[in-house]
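S.K.: the following comprises the amino acid sequence and a computationally predicted model.
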Amino acid sequence: MKSLLLKKDEVIIKDADGNVVERDSYIAEIDASDAEKGVYAHYMLKEIHEQPAVMRRIIQEYQDAEGNLKIDQDIINDVKEADRIYVIAAGTSYHAGLVGKEFLEKWAGVPTEVHVASEFVYNMPLLSEKPLFVYISQSGETADSRAVLVETNKLGHKSLTITNVAGSTLSREADHTLLLHAGPEIAVASTKAYTAQIAVLSILSQIVAKEHGREADIDLLRELAKVTTAIEAIVDDAPIMEQIATDFLETTRNAFFIGRTIDYNVSLEGALKLKEISYIQAEGFAGGELKHGTIALIEEGTPVVGLATQEKVNLSIRGNVKEVVARGAHPCIISMEGLEKEGDTYVIPHVHELLTPLVSVVTLQLISYYAALHRDLDVDKPRNLAKSVTVE
């Protein structure tokens, strides 16, 4: 049995045999106000509103004195040497990984797979010759992800943890760590950690792209600044999101989210946010999959949230919305400036197409929050859920 001895100026940890265990120490930079709700009714609402500040902090932390993107060179080297990246995550972090795959492949040119941790540990696929494992976890304590890390460490594979908690288990046991700098996230439903994970993955991908000599089609720091401004605009429109929640979700028992390409990834996160705090049976689907079964569930008044932020599939997703409307669905279309059509429910500010998840998801976070609030539910502590899943 391990033991822990706390003294005035030191901490002594011993293993089951009584041997002293050496651990790296670090200073947790936490302000007491970070753990308080302040003027907000719930931690979730506070954390949604904190996202612009988190974006600015990430931009600052991953920028050098000359204004260039920076991360540790050892991390860059391991990503460059990898012939394939395996992203391991669960829940919201898994959804962030799906977006990160777009960056890693389109910008950095590194083949990337995204896996659910609880499945991967029992069904590991054939691996490439030089894999790099990237573990995404807000807490850094996710049991299923750690189980995979233990196995890949035994195999001698390189690993990188992207987490919000320095000194967490996944951070200590992986070769490298990239921090989210999001501050404490107390609400069970993750919001600011999701957008922070995507932002950090975008920075990693752009730096590796430059190292590979791939010409960038984006000034990422400038675009992330635009994202920050866009999120602020959406947060200011919270009353509109509350009205959308009232109009579309007040009495429903089911809801569907649809999107194509990167919007599909966001639809999965939107559905998760809604179901976990409002208890509405919500599912996210690829728009093109509707005809392969899901459309049978559409009936009069069924809410369908359609994400339309990608130019190349804008007509296709709108066609999918028309299909469900013809069967009685109640459509809510979230589009982007430049792609909007008359009748769209909400139009997000224009940002780079691959960064739209950072913006569109905030509308879904707020809509989910107000849907739960109007049902008089415990927004911060939904039933049967824990902030960190530390058991398999």
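M.R.: Ah, there it is. Numbering: from 1, shown residues only.

S.K.: going by C-alpha atoms from here, please, whenever you check contacts or count neighbours.
M.R.: Will do.

S.K.: how many other residues sit next to residue 250?
M.R.: 16 (other C-alpha atoms under 10 Å).

S.K.: ok, and the closest non-adjacent residue to it?
M.R.: Once flanking residues are discounted, residue 250 sits nearest to residue 371: 6.5 Å by C-alpha to C-alpha, 6 or more residues apart in numbering.

S.K.: residue 385 now?
M.R.: Nearest one to residue 385, counting by C-alpha to C-alpha, 6+ apart, is residue 188 at 7.3 Å.

S.K.: helices or strands up against the strand or helix carrying the residue nearest to residue 250?
M.R.: Using DSSP states H and E, the element containing residue 371 is helix 356-373. With contacts defined as 3 or more C-alpha pairs under 8 Å, 6 or more residues apart in numbering; DSSP states H and E, the packing partners of helix 356-373 are helix 43-49, helix 192-211, helix 220-236, helix 238-249, helix 262-278.

S.K.: could those go into JSON lines alongside mean pLDDT, mean neighbour count and distance to residue 73?
M.R.: Listed next are the helices and strands packed on helix 356-373 as JSON lines, based on pLDDT from 0 to 100; neighbours: other C-alpha atoms under 10 Å; distance: least, C-alpha to C-alpha, whole Å:
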{"stretch": "helix 43-49", "mean pLDDT": "98", "mean neighbour count": "22", "distance to residue 73": "31"}
{"stretch": "helix 192-211", "mean pLDDT": "97", "mean neighbour count": "24", "distance to residue 73": "10"}
{"stretch": "helix 220-236", "mean pLDDT": "98", "mean neighbour count": "19", "distance to residue 73": "19"}
{"stretch": "helix 238-249", "mean pLDDT": "97", "mean neighbour count": "19", "distance to residue 73": "41"}
{"stretch": "helix 262-278", "mean pLDDT": "98", "mean neighbour count": "25", "distance to residue 73": "29"}
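
S.K.: dump the ones you listed into CSV; add distance to residue 99 as well.
M.R.: Converted to CSV, the helices and strands packed on helix 356-373 look like this (distance: least, C-alpha to C-alpha, whole Å):
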stretch, distance to residue 99
helix 43-49, 19
helix 192-211, 7
helix 220-236, 15
helix 238-249, 24
helix 262-278, 7
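
S.K.: go through those helices and name the closest to residue 65.
M.R.: helix 220-236 (13.6 Å; C-alpha to C-alpha).

S.K.: just checking, what packs against that closest one?
M.R.: Under the contact definition 3+ C-alpha pairs under 8 Å, 6+ apart, helix 220-236 sits against helix 43-49, helix 51-61, helix 192-211, helix 356-373.

S.K.: what's the angle between the helix holding residue 371 and helix 192-211?
M.R.: 170 degrees (axes from the mean of the first three to the mean of the last three C-alpha atoms, to 10 degrees).

S.K.: need the contact partners of helix 356-373.
M.R.: 44-45, 48, 99, 191, 195, 198-199, 227, 230-231, 234-235, 238, 241-242, 244-246, 249-250, 262-263, 266, 269-270, 273-274, 277-279, 309, 334, 348, 378-379 (C-alpha atoms under 8 Å, 6 or more residues apart in numbering).
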